[in-house]
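Peer 1: turn this into a model:
(chains A and B)
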Amino acid sequence: MRNYEIMFIVNPNTPEEEVDKINSQVEGVITSGGGQVQKTEKMGKRKLAYEIDRHREGHYVLFVVTANGDIVREVERRLRVMDPVIKYITVRTDEDTKRLDKVKAFRQRRATRRSTQQRSAAAVAELPEEPGEEEEM
Amino acid sequence: MATQKQYYRRKKVCKFCVERIDSINYKDVKLLSQFVPERAKIMPRRISGVCTPHQRQLSDAIKKARNIALLPFTSE
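Peer 2: All right, here's what the predicted structure looks like:
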């Protein structure tokens, strides 16, 4: 099972209920295939950066799901045949989050190491200076 | 020596390293659009000063964002 983000744009002229219907359909496909929907987000009506099928804006919908390749393929097929959906994209996110966790863990480790180093440095400073160092001058 | 430049050029630093931005997400249009000038091209490293690993992530994110019409491919 992998984590994906599925984002699609619905025709701006479709009513809100229609968008909800599409969402529940997509959700149905995912859950019936054994996947899980982590989050659904309707990002509302936005201006498109470029024209798609003569549309200048669209309803953006974001799904964050845990699923396997077959489910994603099926969802993409459904989205392709749905008329109101004008564009979709699927992005795999688990590798990104894995890398992020690694970076975070590394940073955490370094922070703890630095604080212990500081403490030991302070301990060294408290000790009386070694006489050997000054003789070299 | 005669043509020595008078002005001081500030050293560029990677925005993502300085501000500790770990994930460059394709949905973050506000952030990405800072690196997409008017012609809608991806800003080169030599101008923006972004470090290589971050530039790679950034260009990936911009390309994803273009695909879903969050950012333009071209400006007409």
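Peer 1: tell me the contacts of the residue nearest the centre of chain B?
Peer 2: Centrality entry for chain B: nearest residue to the mean C-alpha point is B:Phe35, 3.4 Å, by Cα atoms, centre = their mean. With contact taken as Cβ atoms under 8 Å, 6 or more residues apart in numbering or on different chains, B:Phe35 is in contact with B:Ile42, B:Met43, B:Ser48, B:Val50, B:Leu58, B:Ile62. Yep, even glycine has a C-beta here, placed from its N, CA and C like the rest.
Peer 1: out of those residues, list just those in strands.
Peer 2: Judged by DSSP state E, these include no members of strands.
Peer 1: could I get those residues in CSV, plus columns for neighbour count and pLDDT?
Peer 2: Below are these laid out as CSV (neighbours: other Cβ atoms under 10 Å in any protein chain shown; pLDDT from 0 to 100):
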residue, neighbour count, pLDDT
B:Ile42, 17, 94
B:Met43, 18, 94
B:Ser48, 18, 91
B:Val50, 24, 92
B:Leu58, 24, 94
B:Ile62, 22, 95
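Peer 1: and which of those is nearest to chain A?
Peer 2: Of all the contacts of B:Phe35, chain A sits closest to B:Ile62, with 11.1 Å by Cβ to the nearest Cβ.
Peer 1: my guess is the closest one meets B:Leu31, correct?
Peer 2: No: using Cβ atoms under 8 Å as the test, B:Ile62 is too far from B:Leu31 to be in contact (10.2 Å).
Peer 1: what about the longest strand in chain A?
Peer 2: Ranked by residue count and defined by DSSP E, the top strand of chain A is strand A:36-52.
Peer 1: helices or strands next to the following helix or strand past it in the packing?
Peer 2: With elements assigned by DSSP states H and E, the helix or strand that comes after strand A:36-52 is strand A:55-67. With contacts defined as 3 or more Cβ pairs under 8 Å, 6 or more residues apart in numbering or on different chains; DSSP states H and E, the packing partners of strand A:55-67 are strand A:2-10, helix A:16-32, strand A:36-52, strand A:85-92.
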